[in-house]
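Asks: here's my sequence, what's the structure:
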Amino acid sequence: MTVLGSIASWPLASRAQQTERVRQVGLLMGYAQNDPDTQANLAALREALQKRGWVEGHNLRIDIRWPIPADLRSMQRSAKELVALRPDLILSEITPTTRALLQETRTIPIVFVRVSDPIGSGFVASFSHPGGNVTGFTSIEPTMPTKWLQLLKEVAPRVVRVGVLFNPLRLPMPNFF
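Replies: Below is the predicted model of the structure:
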């Protein structure tokens, strides 16, 4: 009997066990688990992965950690837990979760979202060549706040003082101004 013939004669169940390995993805969330926007984003991520052939329970395992929002110690504990699982990749939702992950690993690939200043925060060397184990995307281009001030001066030329609200959990403050 040929090798192909013997493989073809294996029971279907044993051949099914020879499927591709399950990839493990960690998610370190930065907002409350019951936040509607976060849940919508998570559903969209799962849907996009499924459309590309990555199905939870089949060839994909997603481990999610929901640290207490605005609690840096909780974020650090959750980052440590995820890194200990040795996933293939970790998705980080915000600046503080990305910082917590980088304190735990410099080898597991980290993809960030919603980080306002990844260069200023020291997460990446540059947008075109991030370097290290971190990459991602941001919805705020570094020169945007300067443009916001220019627009404000155009619509309200008498304004001489502007206050900036800043979330201290996103330290260091982006170098916008």
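Asks: mind listing what's buried in stretch 59-73?
Replies: 60, 62, 65-67, 69, 72 (16 or more other C-beta atoms under 10 Å). Heads up, the C-betas are built off the backbone N, CA and C, glycines and all.
Asks: kindly report the same for stretch 127-145.
Replies: 130, 133-136, 138, 142, 145.
Asks: let's see which of these end up in strands.
Replies: 134-136 (DSSP state E).
Asks: redo the residues you listed as JSON lines? Include pLDDT.
Replies: Formatted as JSON lines, these follow (pLDDT from 0 to 100):
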{"residue": "Val134", "pLDDT": "96"}
{"residue": "Thr135", "pLDDT": "95"}
{"residue": "Gly136", "pLDDT": "93"}
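Asks: mind putting the residues you listed in CSV, distance to Gln39 included?
Replies: Putting those into CSV (distance: C-beta to C-beta, whole Å) gives the following:
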residue, distance to Gln39
Val134, 25
Thr135, 25
Gly136, 21
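Asks: Ile90: helix or strand, and which one exactly?
Replies: Using DSSP states H and E, Ile90 maps to strand 89-92.
Asks: mind listing residues that contact that strand?
Replies: With C-beta atoms under 8 Å, 6 or more residues apart in numbering as the test, strand 89-92 has contacts from 23, 25-28, 30, 45, 82-83, 98, 101, 105, 108-113, 115, 136.
Asks: again, but for stretch 152-160
Replies: Val162.
Asks: would you state the strands of the chain in chain order?
Replies: 23-28, 60-65, 89-92, 110-112, 134-136.
Asks: dump these to CSV, plus distance to Lys51.
Replies: Listed next are the strands of the chain as CSV, based on distance: least, C-beta to C-beta, whole Å:
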stretch, distance to Lys51
strand 23-28, 16
strand 60-65, 12
strand 89-92, 17
strand 110-112, 18
strand 134-136, 21
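Asks: what about those strands, which gets the closest to Val164?
Replies: Among these, the nearest to Val164 by C-beta to C-beta is strand 110-112 (22.6 Å).
Asks: which parts of the closest one count as buried, going by neighbours?
Replies: 110, 112.
Asks: so what touches it?
Replies: 89-93, 95, 98, 101-102, 118, 123, 133-137.
Asks: partners of it, with directions?
Replies: strand 89-92 (parallel), strand 134-136 (parallel) (DSSP bridges).
Asks: in the longest one, what counts as buried?
Replies: So that's strand 89-92. 90-92.
Asks: quick check: mean pLDDT of that strand?
Replies: Mean pLDDT, computed over strand 89-92, is 97.
Asks: ok now that strand, how far from the chain's centre?
Replies: 5 Å (C-alpha atoms, centre = their mean, to the nearest Å).
Asks: I'm done for today, thanks for sticking with me.
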